[in-house]
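Participant: kindly generate the corresponding structure for this input.
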Amino acid sequence: MLADNVENLMKGNRCAIVVIWDEAGSLPSYMKLYVEKLLEACSKVIVVFNGNCSDNAQRQIQELGGGTAECLSRVNTGYDFAAYQYGLKHVGLDKLIFYDQIILCNSSCYGPVFSLNDIFNSMSKKNVDFWGITQWVGPSWPTHIQSYFYVFNRSILTSKQFRAYWENLLPVKTRFEAIVCLESRLTRYFESCGFKWSCYLPKERYYPYSSDCTMDADSFFEILKQGMPFIKRKLVFQLSETGKVLELYDFLR
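Facilitator: The predicted structure is shown next:
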């Protein structure tokens, strides 16, 4: 009983919505780990499959959560933002205020390589309304939180601007449109509404030598040393092509 109480105290009053795309509708092993880590830090985890979700994947998620995780599937349109919207509407936009934080994340990364609770504890000391792990630093795109991991605090969840954004989400048909119309504009939109934001890894750690530290193969090992908890899957594929992927495995070990 005491162990259960300690575990519940470690789990913040957070709801995570994690978006997965898998051609077979399965739960890949790296995403099983991700869901497990989210469950350590969250009181609720909703897994949204863009497309098919197999019976086995649904069963695995339910077993992982023990009642605190559920699985949804939707037509694979609108990319991650439409799936985020789907999950938020499933919770109920008027019920988001019952959580201290809402997390929106996706399956584009491996990890986390250490406890998410460490990140939440660190970010709780910052006076912000929403945050992420890293940001894209202009000039080719507006400076913005990268969309693989968003956290929205209660101060923004209770706002009419947050609800209006997700009720009136722009429809997109291509990945390029999703980046231009949604990811690159979300941060600036909420900032223009008076909300404050930050990132777990400040840009000073990688800019100006890199606008996107998540995909910079030359400097990524240093970024990992500085506390980067995720590894973009595209970067791993890139490292595989250059023969450096074994260095990454050795570094992680």
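
Participant: CA only for contacts and neighbour counts going forward, please
Facilitator: Will do.

Participant: thought K11 was touching L38?
Facilitator: No: contact criterion Cα atoms under 8 Å: K11 and L38 do not qualify, at 9.3 Å.

Participant: and these two? which has more neighbours close in?
Facilitator: Between K11 and L38, counting by other Cα atoms under 10 Å, L38 is the more crowded of the two (26 against 17).

Participant: from F176, how far out is the more buried one?
Facilitator: In this view, L38 and F176 are 29 Å apart by Cα to Cα, to the nearest Å.

Participant: all the strands of this structure, residue numbers only.
Facilitator: 12-20, 42-50, 69-74, 101-106, 109-110, 130-132, 135-136, 144-145, 149-153, 197-199, 231-232 (DSSP state E).

Participant: make a markdown table out of those strands and add mean pLDDT, distance to N56 and mean neighbour count.
Facilitator: Shown next, in a markdown table, are those (pLDDT from 0 to 100; distance: least, Cα to Cα, whole Å; neighbours: other Cα atoms under 10 Å):
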| stretch | mean pLDDT | distance to N56 | mean neighbour count |
| --- | --- | --- | --- |
| strand 12-20 | 96 | 15 | 24 |
| strand 42-50 | 97 | 13 | 23 |
| strand 69-74 | 95 | 11 | 20 |
| strand 101-106 | 98 | 20 | 23 |
| strand 109-110 | 96 | 21 | 20 |
| strand 130-132 | 98 | 31 | 24 |
| strand 135-136 | 92 | 35 | 23 |
| strand 144-145 | 95 | 34 | 23 |
| strand 149-153 | 98 | 26 | 20 |
| strand 197-199 | 97 | 36 | 20 |
| strand 231-232 | 95 | 26 | 18 |
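
Participant: quick check: I156 vs N117, distance?
Facilitator: When distance is defined by Cα to Cα, I156 is 21 Å away from N117.

Participant: looking at the two, which has the bigger crowd around it?
Facilitator: I156 (20 against 17).

Participant: so that one makes contact with W131?
Facilitator: No: here I156 does not reach W131: they are 11.0 Å apart, not a contact under Cα under 8 Å.

Participant: dump the residue contacts of R163.
Facilitator: 93, 157 (Cα atoms under 8 Å, 6 or more residues apart in numbering).

Participant: one more time with 7 Å, if that's ok
Facilitator: Taking Cα atoms under 7 Å, 6 or more residues apart in numbering, we find R163 in contact with L93.

Participant: now it: how far from P202?
Facilitator: Using Cα to Cα, we find R163 at a distance of 28 Å from P202.

Participant: then D218?
Facilitator: 18 Å.

Participant: only the buried residues of stretch 81-101, if you could.
Facilitator: 81-88, 93, 96-97, 99, 101 (16 or more other Cα atoms under 10 Å).

Participant: all helices for the chain, in order.
Facilitator: Remark: helices assigned in the chain by DSSP state H are 2-10, 29-41, 55-65, 79-91, 116-123, 154-157, 160-167, 175-177, 184-192, 220-225, 233-242, 245-252.

Participant: among those helices, show the one with the smallest mean pLDDT.
Facilitator: Lowest mean pLDDT of the helices of the chain: helix 2-10, a mean of 41.

Participant: any idea how many residues pack against Q226?
Facilitator: By other Cα under 10 Å, neighbour count at Q226 equals 11.

Participant: oh, and call the first residue 254 from now on, that's how I've got it
Facilitator: Got it, first residue is 254 now, which makes that one Q479.

Participant: next one: phi and psi at it?
Facilitator: Here is the backbone geometry of Q479 (degrees, to the nearest 10): phi -80, psi 0.

Participant: L286: which of the strands of the chain is closest?
Facilitator: strand 362-363 (8.9 Å; Cα to Cα).

Participant: and the closest one, what does it pack against?
Facilitator: strand 484-485 (3 or more Cα pairs under 7 Å, 6 or more residues apart in numbering; DSSP states H and E).

Participant: which elements pack onto the strand it packs on?
Facilitator: strand 362-363.
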